[in-house]
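Asker: one predicted model, sequence on top.
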Amino acid sequence: MARLAPKVLNLNESDRSELQQLVNRHNTAQQIVLRAKIILLASEGKNNGEIARTLDISLDMARLWRNRWFETSGKKLPSLQRLQDSERIGAPVKFSMEQVIELFALACSKPEDYGRPISHWTPRELADEIIKLGIIESISVRHVGRLLEEAELKPHQSRYWLTPP
C-alpha cells in the first residue's frame, strides 16, 4: 500500500521570518523552538519522516505540528500563538470566586472573632471554620494551603492584632 505524502506547507515571507526569529531568540521556550523548526523544515519540502529524523523526534510529533499549522492557517494568529499547546479540558472549577474570597477574608480576620483559641490561622483551622460556616461543603487542608500560597496570603504573619480598632 502506497503512503501518501504530507500536504505541502508553503510559508509566506512574514511567517518564515517570524518562525526564524523564534528559533534564533535566546529566550524562546525550547518546545516552541522545536515546533518552529518542524514548520520550517516542512516548508522546505521535507516529509514527516525526514523531519522526525532530523530533529530526533517522533513521527507523530512531526505530523501533529504540521497538521496543527494547517488547522490554524485560516485564523489570523501570530506564529507564536499557533505553536502554543491547545487548551486542555480539565475538571470543572470546584469553588466559586466568591467562596475563595470568603476564605481569604476569613484568613485575614482574627481567629478569636470566631471563637478559636489560637493566635493565627492555619490551613487546617481555616478549612474547619469555612466548612463550619457553610461557605464551602468540603475542602482539603492542602487545597486551602495552595489557595493561600497562590494569593500570597500568610495568616501566620498577619499583624491584625496591632491595627487600631
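Answerer: Received the coordinates, thanks.

Asker: switch to C-alpha atoms for all contacts and neighbour counts from now on
Answerer: Will do.

Asker: distance check, residue 63 against residue 43.
Answerer: 13 Å (CA to CA, to the nearest Å).

Asker: next: residue 62.
Answerer: From residue 62 to residue 43 the distance is 12 Å (CA to CA).

Asker: who has more neighbours, those two?
Answerer: residue 62 (26 against 17; other CA atoms under 10 Å).

Asker: chain neighbours aside, what residue packs nearest to the more buried one?
Answerer: Closest residue in space to residue 62, ignoring its immediate chain neighbours: residue 48 at 5.4 Å, by CA to CA, 6 or more residues apart in numbering.

Asker: repeat that for residue 47.
Answerer: Nearest non-adjacent residue to residue 47 (CA to CA, 6+ apart): residue 6, at 6.3 Å.

Asker: flag the helix or strand of the protein with the lowest per-element mean pLDDT.
Answerer: Lowest on mean pLDDT, DSSP states H and E among the helices and strands of the chain sits helix 79-82, with a mean of 89.

Asker: following it, which helix or strand comes up?
Answerer: Proceeding N to C from helix 79-82, the next assigned helix or strand is helix 97-107, under DSSP states H and E.

Asker: so which bits of that following helix are buried?
Answerer: For helix 97-107, burial by neighbour count (16 or more other CA atoms under 10 Å) applies to 100, 103-104, 106-107.

Asker: spit out the contact partners of the residue nearest to residue 62.
Answerer: Neighbouring residues of residue 48 by CA atoms under 8 Å, 6 or more residues apart in numbering: 6, 42, 59, 62-63.

Asker: what does the pLDDT read for it?
Answerer: On the pLDDT scale, residue 48 is placed at 92.

Asker: tell me the spacing between it and residue 116.
Answerer: Residue 48 is 64 Å from residue 116, by CA to CA.

Asker: residue contacts, residue 111?
Answerer: For residue 111, the contact set (CA under 8 Å, 6+ apart) comprises 117-121.

Asker: just the pLDDT at it, thanks.
Answerer: 92.

Asker: how much space separates it from residue 136?
Answerer: Distance, residue 111 to residue 136, using CA to CA: 18 Å.
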